[in-house]
Each structure stands twice: as C-alpha cells, then as structure tokens.
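Trainee: Take a look and give me a structure for this.
(chains A and B)
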Amino acid sequence: MSTDPAAVRVRFAPSPTGFLHIGGARTALYNYLYAKKNGGVFILRIEDTDKDRSSLDSFLESITESLNWLGTTPDEGPVVTPREPGVIKDKGGFGPYLQSARQEKGIYKEALDRLVPSGGIYKCYCTPEDLKQRREEAVSKGLEPGYDGRCRDLTQKEKEEFESRGIKYAWRIKTPDEGVLSFDDMIRGKIEVEARMVSDFVIMKSDGMPTYNFACAVDDHLMKISHVIRGDDHISNTHKQMLIYGAMGVPAPEYAHLPQVHGTDGKKLSKRTGAVSVEEYRDMGYLPGALRNYLALIGWSTEDSQQIFKEDELVKKFDLSRCNTSSGIFDPQKLDWMNGKYIREEDPRNLAKMAFRWLNEAGLIDDTDNIPRVIDAIKLEQEKIESLKGIPELIDFLVKDDIKYDEKSVEKRLKKDGVKKVLEDVVGIFEKAPDFTVPGLEEAVRQYVEKEGLGAGRVFHPVRVAVSGRMKGPGLFEMLEFLGREKVLGRMKYAIDHLT
RNA sequence: GGCGCCAUCGUCUAGUCUGGUUUAGGACACAGCCCUCUCAAGGCUGCGACACGGGUUCGAAUCCCGUUGGCGCUACCA
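Mentor: Here you go, the predicted model:
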C-alpha cells in the first residue's frame, strides 16, 4: 500500500468497562508493536457512546496506568492528570478521543447528514418492541432474524404520517440484497459472507447516538486509521463497517483480526479462571516486561519459536503476517516461568525499586537508609524470587533483627542429638575467625567437619537453621558473611539455649 | 437455528501458503538424573500431538470435500 511509513496509524479502542482486560492488553500490545515496527502512531480511543460518564474518569486513569505500566503508552489519546481530576485533555491532533465527546461535538450527526443525500440510508420508525416481536416471529418460523426492511421504501405520505404522530426514528443503512460481502484480512486472507445475511442495520439510534459500527467507521476514517487490529469477535462487524465506508464513499482501512485469548477452561477469560486485568497482575508482583513478553506469544511467534525477547527485540521482530488464526489459552504457569526468567535477569536495584511497595509494607525499609542492604539481600536470593510480591518473605531474615524460627526446620535440624555440641563448637570457631568472610569461614568450618569426622550436612544444616530460622536460603557462607559476626553469634546462642 | 472463524503434545507454538529435507522441532508443565551445604537456578534425559472420515497424488500435518468439536456474531450493546 502506502510507502510512507508515517502513514501507519493504528488504534486500540476499548469500551470503558472498568479496567484493562488481559485480552484487551494483548490487542493493545499488538497495535503498539505494529505501530512501532512501522514507525507509525498508536492511538487510544474510548468507545463510550452508550455509557454514562460517571465512571469514565476512573476508567481512564486505570487504563492509562495499565498501558503505561505495560510499556505501551499511546502516542495519541485522551489524557487525565491526577492533579486535575475530571479534566480530560487530548494528546494528538485528531481528537477528541472520547466518542462521547465526539458525539457532543456533532461529529456523527455531521457524518450522517453527509450520507442522507446519497439515499443510501433511511429513517426507520419501527419501535424496539415491534422489532423484537417481529424478530421472534421470524426466528420461530425459521427465517432470518434480521430487519425485514419495512421502513425501507416508505412513501412520502407514510413518512409524514409517522412524523405527524411524533414517532421517533432511527437511521438505517441499505445493505445489498444479493452478492457477497468480502474483505481481505491481513492474517486470515479473504473473508466472505452472503450479502443477504446482513440486513439493513441501524447506524444512528433514535436518541441521536451513533451505533458502535457507525461511530467506529466514522472515527477510524476521521482519525486516518490505516490498519485496524482487533479481536476476531469483530469479523462480522467488519462487513458492516465496509458497507458504511462504501456509503460514505471513502476507502476502508486494512484489517487484521486476532484470535481470542481464553481462560484455562477454554472459555472466555473470566474471574472464575484467574485474574483478568492488567492491574491484578501488577498487584501480584509480575514484571511488566514478563507480562508483555508472555502476551506477545499468545497468537504470534517467530520462525524459531523464540521465547524471551530483550528490550526492543519484540518491536524489531514482530510481524502481523506471522500471527496465528486459532485462539489461545492464557497459561498462568508459563507466565510464572517467564516472570522468574525476567527477575533473574533484572538488576537487583530495579527489583528493589519495583518491589518497594511490598518491601515497605513488610517493614523491611527503615529510615536509616538500609536500601543498599536490601538490594544486597535481594542479590543473594535473586534466583529464587518468583514475584516481586514474594521478595519480603525471602529476605526478611537477612534484613530484620528478629527472625521467626520455622517449627519444622527446628524440629528436623536442631532438636537432634549432638546438635548442641556442634553449634557450640562452631560458635567457638566463629568467635575466633580473623575476618568474617566467605573464604575464611568456609575453610574453618570444613576443617572442623573433617576433624570431627562428620558429614558436612551434620554441621551446615543446624548452623543454617540456627542462623536463619529456615532450611532454605542462600549459600551458607554467603549468608553468614552478609549477616555479620554479631548477628550470627547472637542467633546461634539463642538457638543453643532455647531450641536444641 | 443461521452465518462466520478456528482445529499440531495438557498448554503456547514451529512446520501448512510454495506437498517429499519430519522416526513432526522448540518452550511451559510433569517425571528422572547430574550439579550441590539447603532451596532454587542451570545442564541432560524421558513422557507427550498432526480431531475424525473420505478424496487428489508416486508421496499429505501440509491441497480439496465432508463430519465432529470449540469459539464468535446474529440488538436502536460495544
């Protein structure tokens, strides 16, 4: 098509449902990736033609937050600043980006007016109740449930009759009675449907609000959207939108329909089968990079099935034509693995930064600026961290003064014959150790083990539990050095007196 | 019901368009082994799939038809 890369303009157009759904996030991501890959523009548009305005602010705030967190910040779209609640500004020159605001501006009315002279649309005076009844009748007779075209060819007299009775009308678009409606999907190829399957549909409701398909088509056109990348639940809408473009006499954008993301039960992702919003994943301690990477792989892959993508590698390698056609299931286990992978690769300083809220909650950050110490503790446990949220539990015994002794560990490693003597001996060794660092400590302890003719475990295990309160942890000597002589000795003596 | 979309290991997928290079490759999960002071991480091995039935062809996971199944749409919702 166009050779001008700047011509690529894509949009993510959610309706305000409270938060960014994981499936929506995937759609947003693919749009973002496609835009960046092609030097284009990623736009956020809110499809709120049917919602009340009350919850809009919080939705906007939440979706903006989620999009930013995921690293898919829109280039254009509505913007709210926390400092000015209720004030929605536009970023970009194609606003407003809220359909409710566009409606107030008269954009859809104007588009409709331009359509009237063509004769391709007409007023429909049927009431919703009539429509419903007729639809049910048709279905019960085994006929198509679509609109029967009753108002399509009303005479002038009939129209006047309706008007004089003050009956409200909606605007319908005339759809072809025969032939096929077809479009080329970038990832599925040609998608056709018999024209007669699409009956005259409403584009403007009797309350003056545009229907979804009309608003969508008008806005995509006005915002110069070049590619529409969305879920495949919109496939049948596409034929309708193409009809609208046809009536408007403007070219339609390119379309790419993504397969859906389902829950582990194979059904639509729902709270029943796990977390559904980006916010929830953030709050569970996932890294944004991990979620983004994972999401990218539901429905898209490289030729070599690459799993982990660094930095801008995703943008570089993303390719719409390599997208799948079949729906995928969101697998939390694989996300967990990926999250661990990202955590192991991450700089401990950033880990501490990202985990700040949980560190703080757990009381691991104090006012003595112990953050460097926390970072070092994270470094020691890094390979074991599964989520940001789990960090405090992993490092608290390294950072806090007081520790909790795990009952099972005490039972298994301390309350055994001979442990007391071993610990006392080791205390002696530690008191005499010239410096309290890994090499010296390790040598001294191993010498002791050999001299006593014990298995290493007979010494290592009790010391570990005495000092940390648990059986799991970093390498013993790394842990000892980190804790320092004073804490180590204090904890060991406590253990000797109370726990052996 | 009608229409549309989809169909490779339990899951994400490569391979399908351009049939042979495939005893169908990778990743997650699972099992075992190695490493090892614990837990992890890491390494190795194993388990495990072309939904079914016809056709076309010397040859089909790949092309065609049908069946079955899943999902979606069928609104003056988006």
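Trainee: quick one, what contacts the nearest residue to A:Leu115 once chain neighbours are set aside?
Mentor: The spatial neighbour of A:Leu115 that comes closest, neighbours along the chain excluded (CB to CB, 6 or more residues apart in numbering), is A:Ile121 at 5.1 Å. For glycine as for every other residue, the C-beta is placed from the backbone atoms N, C-alpha and C. When the contact criterion is CB atoms under 8 Å, 6 or more residues apart in numbering, the partners of A:Ile121 are A:112, A:115, A:171-174, A:203, A:247.
Trainee: and what of A:Ser301?
Mentor: Applying CB under 8 Å, 6+ apart, the residues near A:Ser301 are A:322, A:324.
Trainee: Could you point out which residue ranges in the stretch 1-150 of chain A have low pLDDT?
Mentor: Applying pLDDT under 70 to the stretch 1-150 of chain A flags residues A:1-6, A:51-54.
Trainee: Around RNA strand B, which positions in it sit nearby?
Mentor: Taking CB under 7 Å from any atom of the strand as the contact definition, the stretch 1-150 of chain A meets RNA strand B at A:15, A:47-50, A:99, A:124-128, A:131, A:135, A:139, A:142, A:144-147.
Trainee: mind listing what's buried in stretch A:81-92?
Mentor: Of the residues in stretch A:81-92, those buried under the neighbour-count criterion (16 or more other CB atoms under 10 Å) are A:88, A:92.
Trainee: Can you get me the start-to-end distance on that stretch?
Mentor: Using CA to CA, to the nearest Å, the gap from the first to the last residue of stretch A:81-92 comes to 16 Å.
Trainee: Run through who's touching that stretch.
Mentor: By CB under 8 Å, 6+ apart, the list of residues contacting stretch A:81-92 reads A:41, A:43, A:56-57, A:60-61, A:74-80, A:96-98, A:101.
Trainee: Buried ones only from those, please, as a PyMOL command.
Mentor: For the buried members of these, the matching PyMOL selection, counting by 16+ other CB under 10 Å, is:
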select buried, chain A and resi 41+43+56+60+74+75+76+77+78+79+80+96+97+98+101
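Trainee: how about the contacts of A:Ile121 in CSV, adding distance to A:Phe356 and secondary structure?
Mentor: Formatted as CSV, the contacts of A:Ile121 follow (distance: CB to CB, whole Å; DSSP: H, G, I helix; E, B strand; the rest coil):
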residue, distance to A:Phe356, secondary structure
A:Leu112, 52, helix
A:Leu115, 55, helix
A:Trp171, 54, strand
A:Arg172, 56, strand
A:Ile173, 54, strand
A:Lys174, 60, coil
A:Ile203, 50, strand
A:Ala247, 55, helix
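Trainee: Following element in sequence after the lowest-mean-pLDDT helix or strand in chain A, please.
Mentor: Among the secondary structure pieces of chain A, namely its helices and strands, helix A:128-140 has the lowest mean (mean pLDDT, DSSP states H and E), a mean of 86. Toward the C-terminus, helix A:128-140 is succeeded by helix A:156-164 as the next helix or strand (DSSP states H and E).
Trainee: List the buried residues for that next one?
Mentor: Within helix A:156-164, the residues that qualify as buried by neighbour count (16+ other CB under 10 Å) are A:Phe162.
Trainee: what about the residue in the stretch 251-400 of chain A positioned nearest to RNA strand B, how many neighbours?
Mentor: Closest approach between the stretch 251-400 of chain A and RNA strand B, counting by CB to the nearest atom of the strand: A:Ser326, at 2.9 Å. Summarising burial for A:Ser326: neighbours were counted as other CB atoms under 10 Å, giving 8.
Trainee: now the one 3 residues further on
Mentor: Burial of A:Ile329 is recorded as 15 neighbouring residues (other CB under 10 Å).
Trainee: same question, A:Arg357
Mentor: For A:Arg357, the number of neighbouring residues by other CB under 10 Å comes to 13.
Trainee: after the host helix or strand of it comes which helix or strand?
Mentor: When secondary structure is defined using DSSP H and E, the element that contains A:Arg357 is helix A:356-361. Sequence-wise, the next helix or strand downstream of helix A:356-361 (DSSP H and E) is helix A:371-381.
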